[in-house]
Every structure is written in structure tokens, then in C-alpha cells.
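Chemist: give me a model of this one.
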Amino acid sequence: MVQIDRWFPSSKRCPTKGFGYINDKLSLTVWSWTSPSSGTPHDRDMAAAINIKAAGLVVLASGATGAGARAA
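Modeler: Just a heads-up that it's a prediction; the model follows:
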């Protein structure tokens, strides 16, 4: 198991490769949104899943282990 930062903006970050735009104004009542940087529509839960997986893979690739192994 890899732990990522509790406040990592997983559902607010555009998961489209090469973009990574963070939609800071996205409220919890919004379930889908379109990234202004990539023009790609995103389902909030799918974006979160993609971003959490990517963050976890970064931690694993870094070789970090234990409770201190966190992705920013």
C-alpha cells in the first residue's frame, strides 16, 4: 500500500498526460468538468482514480517506503 497526501487534489487535477491543470474552484457538488488547458471533459471520480494511481506509481518509482512514503 502506498499513502498519498490527504490534500492531494486528485479529483480537481486534469489527468490528461502533459497538462495537470488544477481546477481550484471546483465545488463538491460538481461531478464532471472540462479542463480549460486540455479541453478534455472529466468525470470527477475517474479523474481521481487516474491521478491517485499516478501519484502512487511516482512514490513506488522513487523507492520510498513506510509511512513517510507520500506523493505530493
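Chemist: how near is Asp43 to Val2?
Modeler: Per C-beta to C-beta, to the nearest Å, Asp43 is found 23 Å from Val2. (Glycine included, C-beta is placed from N, CA and C.)
Chemist: who's more crowded, those two?
Modeler: A direct count of neighbours by other C-beta atoms under 10 Å for Asp43 and Val2 places Val2 higher, at 16 against 12.
Chemist: give me the number of residues near the closest residue to the more buried one other than its chain neighbours?
Modeler: Spatial nearest neighbour of Val2, excluding adjacent residues (C-beta to C-beta, 6 or more residues apart in numbering): Gly56 at 4.2 Å. Gly56 has 17 neighbours, counted by other C-beta under 10 Å.
Chemist: quick check: Gly56 is in a helix.
Modeler: Yes: under DSSP: H, G, I helix; E, B strand; the rest coil, Gly56 falls within a helix.
Chemist: am I right that Ile50 sits in a helix?
Modeler: Yes: assessed by three-state DSSP, Ile50 belongs to a helix.
Chemist: tell me who's in contact with it.
Modeler: Contacts for Ile50 (C-beta atoms under 8 Å, 6 or more residues apart in numbering) come out as Pro15.
Chemist: and the gap between it and Gly63?
Modeler: Distance from Ile50 to Gly63, counting by C-beta to C-beta: 23 Å.
Chemist: Leu26 too?
Modeler: Distance, Leu26 to Gly63, using C-beta to C-beta: 33 Å.
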